[in-house]
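*Asks:* Can you look at this prediction? I've put the sequence above it.
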Amino acid sequence: MKLGLFGYGTIGRGVYTLVEGLEKSYDVTIKKVFDLPIKKEQLKEKLVTNIEDIIHDDEIQCVIEVLGGHDVPYEVITRSLKKGKSVITANKEVVSNHLEEFINLAHENHCYFCFEASAGGGIPVLRPLIDNLKVNEVNDIFAILNGTTNYILTRMDEDNLSFDDALFLAKKNGFAEANPTADLEGLDIVRKINIISSLAFKGNIKNEDIYHYGITGVNKDILDSIKKEGYALKFVASSSKNEENEAFIRVEPTMVSLNHPFAAVKNEFNAVLFTGSTNGDLMFYGKGAGSIPTATAIVADLVSILENRAYIDYKNQNDLKVNQNKRNPFKYFIFASDGSYVIKEEVSDEELLAASFYARVIS
């Protein structure tokens, strides 16, 4: 099989390396790579600077999209699928906005759409979820889904660093982008929990319906207070669905008790905990940030295509209500600017957003 690769940045280079290392029996090669002209020295004759050179190449049967952003990746994915080319992407922004559309296009054009790396980074979480849903109803999801912010909180806690110093270290070690706003404010996690919840709950979810609150207001005094109370601070997405098909999804700083398994999830590692109707709790753990972990998930999708086992059946029930008329069940520590705090329940989102910083509590 001949491949087209869109993007030769950090993740793209990791994908290229892993594809070259696949067993020869798979008989797969990257024929063309789309990127900027400055990559000519690295890619030589494989470099193309026009997306048409890959989309209209009939020898290319599968494309891998790791460009980032929305508009160009959306065009690449839709046009490739319409040409009958299978598509693999790590792009949580475009997948979270167009999941059903992409899966339907793949079905209509007899090809595959794979997106494992868009939700859990290097953690293989989507395929086990999809397979498990055939015999199990998942109604609760609890997840640490951003390696950048988990790394920052770990280093602040263990190395006594300020928020700014921990962020600098995350950038230096390749875990944070030059502009980390989407990570720090929780939008990256919103997109990932959207993808996971859409599959688990079998319904379309809009990113704008998911409440999120970031970690930029945290400081060492707050972390010390949280630790004295017997908790660790994590940036967590929670998602649940009731019998009335109402979903309650939030992304916010969360205090987990020190004996909770998430208290041990540190640095760039992520974790996803599913609670199912037939098999109880299932937890997936692994690296959520970095070139090679993400590239590994992408190439694992490629192998599933090569082995003809990448079909995804997404049954959208179309009647899922998100964060509507459902009571917030959590308790919160609400911090003032001087570091003092009060503990409250039945708190409105408006009251939470007015705080200097807050964290919900999970035992």
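*Replies:* Thanks, I have it.

*Asks:* okay, CA-based contacts and neighbour counts for the rest of this
*Replies:* Will do.

*Asks:* start to end distance for stretch 333-352?
*Replies:* End-to-end distance of stretch 333-352: 10 Å, with CA to CA, to the nearest Å as the criterion.

*Asks:* Ignore what I typed, I meant stretch 155-165.
*Replies:* Stretch 155-165: ends 9 Å apart by CA to CA.

*Asks:* what residues does that stretch touch?
*Replies:* Ile152, Ala166, Thr216, Val218, Asn219, Lys220, Leu223, Asn267 (CA atoms under 8 Å, 6 or more residues apart in numbering).

*Asks:* what comes up buried for it?
*Replies:* Across stretch 155-165, burial judged by 16 or more other CA atoms under 10 Å covers Arg155, Met156, Asp157, Leu161, Ser162, Phe163.

*Asks:* Val218 versus the last one, what's the distance?
*Replies:* Think Phe163. 7 Å.

*Asks:* quick one: the helices in the chain?
*Replies:* Assigned by DSSP state H, the helices in the chain fall at 10-20, 40-43, 52-55, 71-82, 92-108, 117-120, 126-132, 147-159, 163-172, 181-184, 187-201, 220-228, 291-306, 349-353.

*Asks:* Let's have those helices in TSV, adding distance to Gly4 and mean pLDDT.
*Replies:* Converted to TSV, these look like this (distance: least, CA to CA, whole Å; pLDDT from 0 to 100):
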stretch	distance to Gly4	mean pLDDT
helix 10-20	11	94
helix 40-43	13	94
helix 52-55	6	98
helix 71-82	10	98
helix 92-108	17	96
helix 117-120	18	92
helix 126-132	23	89
helix 147-159	28	96
helix 163-172	29	95
helix 181-184	28	95
helix 187-201	25	96
helix 220-228	46	94
helix 291-306	12	94
helix 349-353	45	91
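
*Asks:* Of all these, which one is nearest Phe34?
*Replies:* Nearest to Phe34 among the helices of the chain is helix 52-55; the distance by CA to CA comes to 7.8 Å.

*Asks:* Setting aside sequence neighbours, what's the nearest residue to the residue most central in space within the chain?
*Replies:* Most central in the chain under CA atoms, centre = their mean is Ala119, positioned 3.0 Å from the mean C-alpha point. Leaving aside its sequence neighbours, Ala119 sits nearest to Lys192 (CA to CA, 6 or more residues apart in numbering; 4.5 Å).

*Asks:* Kindly reformat the helices of the chain as JSON lines containing distance to Val28.
*Replies:* Shown next, in JSON lines, are the helices of the chain (distance: least, CA to CA, whole Å):
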{"stretch": "helix 10-20", "distance to Val28": "8"}
{"stretch": "helix 40-43", "distance to Val28": "17"}
{"stretch": "helix 52-55", "distance to Val28": "16"}
{"stretch": "helix 71-82", "distance to Val28": "18"}
{"stretch": "helix 92-108", "distance to Val28": "21"}
{"stretch": "helix 117-120", "distance to Val28": "20"}
{"stretch": "helix 126-132", "distance to Val28": "22"}
{"stretch": "helix 147-159", "distance to Val28": "31"}
{"stretch": "helix 163-172", "distance to Val28": "34"}
{"stretch": "helix 181-184", "distance to Val28": "34"}
{"stretch": "helix 187-201", "distance to Val28": "29"}
{"stretch": "helix 220-228", "distance to Val28": "49"}
{"stretch": "helix 291-306", "distance to Val28": "9"}
{"stretch": "helix 349-353", "distance to Val28": "51"}
